[in-house]
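Asker: sequence first, predicted model second:
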Amino acid sequence: MENFTAYNPTRLHFGKNVTDELGDVVKRYGKHVLLIYGQGSVKKYGYYDKIVNQLKKAGLKITEYSGIKPNPILEDVEKAVVLGKQNKIDVMLALGGGSVIDSAKIIGLCIASDTRAWDFMKWRARPKASIPLVNVLTLAATGTEMNGAAVIQNPETGEKIGFVDELNFPKHSFLDPQFTISVPFDYTAYGIVDLIAHALEAFFGKGEPSITDRIIFSIIKDAFYWGPKLLQDLQNYDLRASIMLDATLALNGLTYYGKQGGDWGVHAIGHQLSFLYDTPHGATLSIAYPAWLKLQKNRIPDRIKALGRGLFDTDSVDETISLLSAFFTKVKSPVNLSDLDIGLQHKSEILEQLNKSRASGLHHVLSKEDHLKLVDLMM
């Protein structure tokens, strides 16, 4: 077992109508709110009105920044920082999924530290403070609601990268599964894939504590069980709640006890596909994970066998990979680039992006030769 440090300061509010407490919570941290949200769905389904009413009821002043994209970009972060500074906001509320919350984390660092966002993302600067952040989650997937990570892409430099710091932790996150009922079939499926991929990244990180492995297996198996049922009954509150909690537990630190951290090689690959083709994050992971496992099967067969025993009651490496791919297919998430009409004509472009970004894991390092093999395996 590896040495580890556990830390999670986020207060989680989970369940039906928990946002009824939102206004009272937000006003503990400030009087002027920067409300950040996406491209319109929160207004379409009534979530915006419900949240704004809570803030107004608490007597809070509101400045809004909308239009955060599903693959969040640096430009939006920078514009929101300017808006927040001009209006002298003192607390932030992110209403949305992972892209909105990730953006809000970096926005808060920049406003409080008077530093450009990309300087943080590239580790040229370290934050000293942040604006308090409260979240209302509308998509079960990324786990960002209860961790210190954020991912942003920069079209000018051709990068999509993450930044992790304890100042990124939200003060409070409100998770009402009712706010996810409007998520369509495909993005619900991609969220299920994303949470499974987070658990797998932890499993393949450095360290093999038995109890933590069992926790990882339990989260994945829970998603295996409830995910397909949810996709057949998208309006079911209880099924939404099960997947929402799975997604949070997969990346709130629980799966790292006794480990030095996750590997994140598959996410590094997926981020490059998202950057190149604006592909939904979860869809890139269901393509990249089977390919990565095939690459690793002769390098870490014992670890993949342990995964197979824990999830599928099999000692076969090949069967483990096949059954994981079959689940992704079952929930209609792509398992090959060709499923997204990304063909051989894109091979050199993908390889160039992987090499340029030095896409790799923290524990299982990937070489340029590995990138070439992975592109072939993903085709």
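Answerer: Perfect, I can see it now.

Asker: and the most centrally placed residue in the chain, how close does it get to residue 324?
Answerer: The structure's the chain has its C-alpha centroid closest to residue 142; by Cα atoms, centre = their mean the separation is 2.5 Å. Distance of residue 142 to residue 324, given as Cβ to Cβ, to the nearest Å: 20 Å. For the C-beta atoms, the positions are set from N, CA and C on the backbone; glycine is no exception.

Asker: on that earlier part again, backbone dihedrals for the residue nearest to the centre of the chain, both of them.
Answerer: When quoted as degrees, to the nearest 10, the phi and psi of residue 142 stand at phi -80, psi -20.

Asker: pretty sure it contacts residue 193?
Answerer: No. At 11.4 Å, residue 142 does not count as touching residue 193 under the criterion of Cβ atoms under 8 Å.

Asker: please enumerate the shared neighbours of the two.
Answerer: Common neighbours of residue 142 and residue 193, counting by Cβ atoms under 8 Å, 6 or more residues apart in numbering, are absent.

Asker: mind listing what's buried in the helix or strand hosting residue 84?
Answerer: Using DSSP states H and E, residue 84 sits in helix 74-86. The neighbour-count check on helix 74-86 (16 or more other Cβ atoms under 10 Å) flags 74, 76-78, 80-81, 83-84 as buried.

Asker: now do stretch 319-334
Answerer: Those would be 320-321, 323-325, 327-328, 331, 333-334, for stretch 319-334 by 16+ other Cβ under 10 Å.

Asker: turn these into TSV, including pLDDT, distance to residue 199 and secondary structure.
Answerer: Formatted as TSV, these follow (pLDDT from 0 to 100; distance: Cβ to Cβ, whole Å; DSSP: H, G, I helix; E, B strand; the rest coil):
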residue	pLDDT	distance to residue 199	secondary structure
320	98	15	helix
321	98	16	helix
323	98	15	helix
324	98	12	helix
325	98	16	helix
327	98	13	helix
328	98	14	helix
331	98	15	coil
333	98	16	coil
334	98	20	coil
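
Asker: which secondary structure state does the most far-flung residue of the chain relative to its centre sit in?
Answerer: Distance from the centre of the chain peaks at residue 59, with 32.4 Å (Cα atoms, centre = their mean). Here residue 59 is recorded as coil under DSSP: H, G, I helix; E, B strand; the rest coil.

Asker: buried ones in stretch 17-28?
Answerer: 18-19, 22-23, 25-27.

Asker: follow-up on the earlier one: the helix holding residue 84 - contacts with which helices or strands?
Answerer: Secondary-structure packing of helix 74-86 (3 or more Cβ pairs under 8 Å, 6 or more residues apart in numbering; DSSP states H and E): strand 32-37, strand 61-65, helix 98-113, helix 117-121, strand 149-154.

Asker: and the pLDDT at residue 114?
Answerer: On pLDDT, residue 114 comes in at 88.

Asker: backbone phi and psi for it, please?
Answerer: With angles defined as degrees, to the nearest 10, residue 114 sits at phi 50, psi 50.

Asker: from residue 92, how far out is it?
Answerer: Counting by Cβ to Cβ - residue 114 and residue 92 are separated by 16 Å.

Asker: out of the two, which sits in the busier spot?
Answerer: residue 92 (30 against 10; other Cβ atoms under 10 Å).

Asker: that one contacts residue 37, doesn't it?
Answerer: No. Taking Cβ under 8 Å as the definition, residue 92 is not a contact partner of residue 37, at 11.3 Å.

Asker: check contacts around the closest residue to residue 260 other than its chain neighbours.
Answerer: Counting by Cβ to Cβ, 6 or more residues apart in numbering, residue 260 lies nearest to residue 206, which is 4.3 Å off, once chain neighbours are set aside. Going by Cβ under 8 Å, 6+ apart, residue 206 touches 2, 259-261, 263, 362-363.
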